[in-house]
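Undergrad: everything below, folded, please.
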Amino acid sequence: MVAAWAFAMAALITLVPANMNPILIFSVAGNYQENLIITGVEGLWMQGFQPLGALVFFSAILAPVIYLLSVSYVCACWTLQRRLPFLGVAFRLAEALEPWNLLPVFAIACIVSVVKLRTLGTVNWEPGSLWVLATAVLTMIAVQCFDRKCAELYVEGSK
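TA: Numbering: from 1, shown residues only. Purely as a prediction, here's the structure:
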């Protein structure tokens, strides 16, 4: 659980620059566009794909943040042996949001999209792509380190 806490906290820290730095720059015929995670959501929203934009926002930004915060909270309580309020809620949130935490899928989708975009113009990777990759890897490790059975027993014992 200590390792899960450490990896979840590290992933939370890398989420900030992953969402604030451009992932790639796409240029075609002298025009270029920087892309952040949120600009993809905005683009979908403005083009009339509001449900898809909301889904991308939820699965690439909101769900990872809430999942990592929940895992960090549960692991911190277990590690520090503290019975803090909302421990059960945090555990249930972590359990419910794990399948919706699609940041690793987003990272793979970026790599695949570059292959197609290169046929249309020039694509340059930016620092945000490394932060997204780091966040995805740290999140996957945190998921693997999070001992659900141990956490569930701890949460049940705190009632």
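Undergrad: I'd guessed Phe58 sits against Trp100; true?
TA: Yes: the pair Phe58 / Trp100 is scored as a contact, 6.8 Å apart, by CB atoms under 8 Å. To be clear about C-beta, it is placed using only N, CA and C from the backbone, and glycine gets the same treatment.
Undergrad: ok, which stretches of the protein are helices?
TA: In order along the chain, the chain carries the following helices (DSSP state H): 2-20, 37-46, 50-57, 63-80, 87-97, 103-117, 127-145, 148-157.
Undergrad: I'd like to know how far Lys128 sits from Val41.
TA: Small correction: residue 128 is Gly, not Lys. With the distance defined as CB to CB, to the nearest Å, Gly128 ends up 14 Å from Val41.
Undergrad: run a quick neighbour tally on Gln144.
TA: Neighbour count for Gln144, taken as other CB atoms under 10 Å: 11.
Undergrad: gap between it and Val65?
TA: With the distance defined as CB to CB, Gln144 ends up 19 Å from Val65.
Undergrad: what's the offset of stretch 135-146 from the middle of its chain?
TA: Remark: stretch 135-146 is offset 10 Å from the chain centroid, using CA atoms, centre = their mean, to the nearest Å.
Undergrad: tell me the buried residues in that stretch?
TA: Of the residues in stretch 135-146, those buried by neighbour count under the rule 16 or more other CB atoms under 10 Å are Thr135, Ala136, Val137, Leu138, Thr139, Met140, Ile141, Ala142, Val143, Cys145, Phe146.
Undergrad: contacting residues around the last one?
TA: So the one you mean is Phe146. Met1, Ala4, Ala8, Val71, Cys75, Ala94 (CB atoms under 8 Å, 6 or more residues apart in numbering).
Undergrad: need the worst-confidence member of those residues.
TA: Looking at pLDDT alone, the contacts of Phe146 dip lowest at Met1, where the score is 90.
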